[in-house]
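Asks: Got a sequence here, can you build the structure:
(chains A, B, C and D)
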Amino acid sequence: MRQFRDGQSIMVGGFNKVGVPGTLVRWLEESGVKDITLIVNNCSNAEGSIWSPAAKMIKDGRVSHLKISYIATNSDVCALYEAHVLDIEIIPQGTLAERIRAGGCGIGGFLTTVGVGTMIAEGKQEITINGIKYVLEMPLAADLALVKASLADPMGNGLCFGTSKNFNPAMASAASYVMLETDRLVPVGEIGYEHVDVAGIYVDMVIPSAEEKA
Amino acid sequence: MRQFRDGQSIMVGGFNKVGVPGTLVRWLEESGVKDITLIVNNCSNAEGSIWSPAAKMIKDGRVSHLKISYIATNSDVCALYEAHVLDIEIIPQGTLAERIRAGGCGIGGFLTTVGVGTMIAEGKQEITINGIKYVLEMPLAADLALVKASLADPMGNGLCFGTSKNFNPAMASAASYVMLETDRLVPVGEIGYEHVDVAGIYVDMVIPSAEEKA
Amino acid sequence: MKNVREFIAKNVASLLKDGDLVNLGVGIPTLAANYLPESVTIFIQAENGLLGCGPKAREGEENLDLIDAGAAYITCLPGGFTFDSVTSFGIIRGGHLDATVLGALQVDELGNLANWYLPGKLLPGPGGAMDLVSGAKKVIVATEHNTKNGDPKIVKRCTLPLTSEGRVTTIVTDLAILNKTEAGLKLVAIASDITLQELIARTGCELILPEGEVPLMLD
Amino acid sequence: MKNVREFIAKNVASLLKDGDLVNLGVGIPTLAANYLPESVTIFIQAENGLLGCGPKAREGEENLDLIDAGAAYITCLPGGFTFDSVTSFGIIRGGHLDATVLGALQVDELGNLANWYLPGKLLPGPGGAMDLVSGAKKVIVATEHNTKNGDPKIVKRCTLPLTSEGRVTTIVTDLAILNKTEAGLKLVAIASDITLQELIARTGCELILPEGEVPLMLD
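Replies: Take a look at the predicted model:
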């Protein structure tokens, strides 16, 4: 697909196995692109995981920069980190979400106490206000976002069931091009205007999911 | 009511006439409290406006600090500002919303281009990153928030119809004590867990609205 | 005599493109939506919490919870959605609006805008104007060319408190359409009922003139 | 021999108060919910996007879109609600959690915690731990007192990469409950199956002892 190109920065929504655009992740891997900056909360390399194609890309060296929060489910990442062969930025989960939000909503940076006094703060500007130390965190945006919604209409408005929202609404706001995968395509207007989680204005392409839920 | 006390900072939700907790605003005025820091988007002094009790407090000198975005609907505020008898902080609407959000979600400050080069930036720290000038805006929290939801359950979970969300969800997150007014009290569980706009965990008291909609 | 508000609105409408996501300020800017050609569909954001604003609600059919930023009862088009103020200004500040159209007290050749405070006289407050002007890709100012006293609203340097620095891209008045360029304000079109000399006399700064004939504004 | 995980979980549960809004980490912390007295109802947040976590879903009745942070299919109690990660960590960082319970690789007498990286060996990553520890009012560490090699996990100064500085309020292990105070770690309760001497020997920093008898942990 022409949407996938070498050298892109790509955000992929999902937390653990829920809210992950599995078909798009598979298409991404099959496209053969390399030198990718991958931005994810987690990326399991367990066999049969919905993340497997992305985990394969990491293992195969096609991901040159990885920005990630939770690594426990991917032993390759630990090995690559220790071997210094992959540039990994480890980001606290809330800071990851907030940086993506900032990237999407025109915030130039924000102050948080999260990470102060830890490796996470290294190389970052520290600002003390009223005696409280903060680290200045920068916005995070991407060339491409692959996101998921339970229902979506052709305009790209998405509704996410249960805990499947996670990173999807924010990532959709923070990428130049947004591909939305959905379990069920519904007509425009079927998602009530008070219940839109992923805003259609951010979405450039909607595709039906080919994954079976496990 | 013992919730209202002299010297408090109080946020009141609503945009123009929608999503305003009219009964709570009336109770606040009737309580006789003074020396209030009032944080609102707007506050019409038109006769019969749902904001009238708050506008009366401003006119009567019971509001000592006013933080506000849109003033056109209240000619008293303009007069008080010119006469330097009321301390008014004028805040761009999006910055007001974002500062309240920051106050509720533990963000110690944020960088925005909004207001750079204007009166709004006076006295604030300016930071230049990659050649772009930002102003550092500080979080805003309050002692008390008066908010509104169309439906609410006894746990304080609220759902807001139409454009009545506006400042209500953010203000509920940013105050030590939160009073929620609702058009209709519903049993716990009736608002679907995917449709909560005002989070019950923030809310300390729920009251039925005594206002008629106009 | 021409209806100035409608004339400006019509010419603003001509600058909007099919598919644009637009925020229209109260007054003349909102009128612009009435003058779009049939081939052009825009998505209108109301900063109080709605994207996909439809026509005003018919009398007796108002949803009392659904207003636009000017407090008119409106409708929501299919595919539209509602949101809170935090999300609304995230859309605005995040650069997701193709254009914003709003009024002016003054606007200058650097693209500076003043529209929220006339010291000693009028304090409407910024509302969402500062955010809109900072965030939108295209900032269209819709204003009468001169004040009621005949003073130019288009000036060399704004003297009133600024709304934003250098963000205005286009100015549409009852006399002309001007584009902000690095070199100053460039005349793009002129109203058919005035001469170039009159326009220059009623403008408070130098204008960059196009080569050849000046195109006419829509009547 | 006592079941260490259940023992720790039970003693963690004794520290939670009726009405508390709590985030429970994967493992022992999550077990704590099973040991609450009937008089205590807590609200559980799962940082992946749910507040009001109910029991695990019964087999065959799973909602495949509803998991907790440990990826277990769970249920949502009446009055609970779901949200995205931005909102979730707004709740966490904003100081709205009464308590968070999580594991440790090391914890020290200054209240520093290390639990996300064992250089050269294990890189679970912080996930939400740094945010939780920074934001929650009470930070309860639930951990075995010693590593599998017998080394103390409770030390004078953490040597592993920190999760946070000085935020731990209470440590619950298979041997003791310790409160962080300005002066150091204070012994609050001891397991009934060890002596004070043994506890001190198995702890990597000095402990402040209570006056009189040391209370016993729940068995």
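Asks: Okay, now the unreliable bits of chain A?
Replies: A:213-214 (pLDDT under 70).
Asks: Which residues of it lie near chain C?
Replies: Taking Cβ under 8 Å from any Cβ of the partner chain as the contact definition, chain A meets chain C at A:101, A:104-107, A:153, A:155, A:157, A:173, A:188-189, A:193-194, A:196, A:199-202. From N, CA and C alone the C-beta is placed, and that goes for glycine too.
Asks: now those residues: which count as buried?
Replies: Listed as buried from these are A:101, A:104-107, A:153, A:155, A:157, A:173, A:193-194, A:196, A:199-202; burial here means 16 or more other Cβ atoms under 10 Å in any protein chain shown.
Asks: Which residue lies closest in space to C:K186, excluding its sequence neighbours?
Replies: Excluding the flanking residues, the one nearest C:K186 by Cβ to Cβ, 6 or more residues apart in numbering or on different chains is C:I208, at 4.2 Å.
Asks: For the one you found, report the pLDDT, please.
Replies: Reported pLDDT at C:I208 in the predicted model: 98.
Asks: With C:M1 instead?
Replies: 71.
Asks: need the helices for chain A, in chain order.
Replies: A:22-30, A:52-59, A:75-82, A:93-105, A:168-173 (DSSP state H).
Asks: Of these, which stretch is the most buried?
Replies: Comparing the helices of chain A by mean neighbour count (mean count of other Cβ atoms under 10 Å in any protein chain shown), helix A:168-173 comes out on top with a mean of 30.
Asks: gap between that one and the chain center?
Replies: Remark: helix A:168-173 is offset 8 Å from the chain centroid, using Cα atoms, centre = their mean, to the nearest Å.
Asks: Could you check how far the residue positioned nearest the centre of chain C is from chain B?
Replies: By Cα atoms, centre = their mean, chain C has its centre lying nearest to C:V101, at 2.5 Å. According to Cβ to the nearest Cβ, to the nearest Å, C:V101 stands 17 Å off from chain B.
Asks: what about C:K186, which helix or strand?
Replies: If you go by DSSP states H and E, C:K186 is part of strand C:184-190.
Asks: Quick one: list the elements packing against the helix or strand that comes right after that strand.
Replies: Once the chain leaves strand C:184-190, the next helix or strand it forms, by DSSP H and E, is helix C:196-201. Judged by 3 or more Cβ pairs under 8 Å, 6 or more residues apart in numbering or on different chains; DSSP states H and E, helix C:196-201 is in contact with strand C:184-190.
Asks: now for the strand it packs on, which elements pack on it?
Replies: strand C:176-181, helix C:196-201, strand C:207-208.
Asks: residue boundaries of the helices in chain C?
Replies: Using DSSP H, helices in chain C cover C:4-13, C:28-31, C:85-93, C:129-135, C:196-201.
Asks: Let me know which of those helices is the nearest to B:A210.
Replies: helix C:85-93 (25.3 Å; Cβ to Cβ).
Asks: So what's the residue count around the residue nearest to C:K186?
Replies: Using other Cβ atoms under 10 Å in any protein chain shown, C:I208 is surrounded by 14 other residues.
Asks: can you check C:G25 too?
Replies: 24.
Asks: show me what contacts it?
Replies: C:A69, C:T100, C:V101, C:L102, C:G103, C:A129, C:L132, C:A142 (Cβ atoms under 8 Å, 6 or more residues apart in numbering or on different chains).
Asks: Which pLDDT value goes with the fourth one?
Replies: Meaning C:L102. So C:L102 comes in at 97 (pLDDT).
Asks: Residue most distant from the centroid, chain C?
Replies: Distance to centre of chain C, Cα atoms, centre = their mean, peaks at C:G60 (30.7 Å).
Asks: Hmm, A:M1 is touching A:W27, no?
Replies: Yes: counting by Cβ atoms under 8 Å, A:W27 is a contact partner of A:M1 at 6.2 Å.
Asks: between the helices of chain A, which gets nearest to chain D?
Replies: helix A:93-105 (2.9 Å; Cβ to the nearest Cβ).
Asks: From the contact counts, what lies against the closest one?
Replies: strand A:109-112, strand A:132-137, helix A:168-173, helix C:85-93, helix D:85-93, helix D:129-135.
Asks: Columns distance to chain B on top of these, output as JSON lines?
Replies: Listed next are the helices and strands packed on helix A:93-105 as JSON lines, based on distance: least, Cβ to the nearest Cβ, whole Å:
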{"stretch": "strand A:109-112", "distance to chain B": "4"}
{"stretch": "strand A:132-137", "distance to chain B": "4"}
{"stretch": "helix A:168-173", "distance to chain B": "13"}
{"stretch": "helix C:85-93", "distance to chain B": "3"}
{"stretch": "helix D:85-93", "distance to chain B": "3"}
{"stretch": "helix D:129-135", "distance to chain B": "6"}
